[in-house]
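Novice: using only what follows, build the 3D model:
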Amino acid sequence: QVHLVESGGGLVQAGGSLRLSCEASGRTFSTYTMGWFRQAPGKEREFVAAISWSSVNTYYTDSVKGRFTISRDNAKNTVYLQMNSAKPEDTAVYYCRAVLAYQSYWGQGTQVTVSS
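Specialist: Model (predicted):
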């Protein structure tokens, strides 16, 4: 079992930056692929970024490439999402996800609001 807690959300002006954190419980964090998803009001949850257990591989949805950076610190059981050049369309609840084979865990989400 993995328990995920996101933090770092808030209000930021367009063009500004924000860093989200997701801290995981459990001693097997380093074996999980970690990802960030987001859900805007009235829309389905969508993939934002993911990172492999070793940090060698990272993946991004096209709309955030060049602006967002996902990273992890396995010693701290934490995955991060650095959001730069924020846009109003980035406004959403951001969720952290941990995946290993058939196991998948979600955090409770953190609200990000980008004002224009």
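
Novice: how close does the closest residue to Leu100 other than its chain neighbours sit to Ala24?
Specialist: With sequence-adjacent residues excluded and distances taken as Cβ to Cβ, 6 or more residues apart in numbering, Leu100 is closest to Tyr32, at 4.8 Å. Heads up, the C-betas are built off the backbone N, CA and C, glycines and all. Separation of Tyr32 from Ala24 (Cβ to Cβ, to the nearest Å) stands at 8 Å.

Novice: next one: Leu18
Specialist: For Leu18, the distance to Ala24 (Cβ to Cβ) stands at 20 Å.

Novice: more neighbours: which of these two?
Specialist: Neighbour count, other Cβ atoms under 10 Å: between Leu18 and Ala24, Ala24 has more, with 24 against 21.

Novice: just the pLDDT for the residue nearest to the more buried one when sequence neighbours are not counted.
Specialist: Leaving aside its chain neighbours, Ala24 sits nearest to Asn77 (4.7 Å; criterion: Cβ to Cβ, 6+ apart). Per-residue pLDDT puts Asn77 at 94.

Novice: which ones are touching Asn77?
Specialist: Listed by Cβ atoms under 8 Å, 6 or more residues apart in numbering, the contact partners of Asn77 are 23-26, 29.

Novice: same thing but at 6 Å, please
Specialist: 23-24, 29 (Cβ atoms under 6 Å, 6 or more residues apart in numbering).

Novice: let's see which of these end up in strands.
Specialist: With DSSP state E as the criterion, strands contain 23-24 from among the contacts of Asn77.

Novice: in a markdown table, list the contacts of Asn77 along with pLDDT and distance to Thr69.
Specialist: Shown next, in a markdown table, are the contacts of Asn77 (pLDDT from 0 to 100; distance: Cβ to Cβ, whole Å):
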| residue | pLDDT | distance to Thr69 |
| --- | --- | --- |
| Glu23 | 96 | 18 |
| Ala24 | 95 | 19 |
| Phe29 | 86 | 19 |
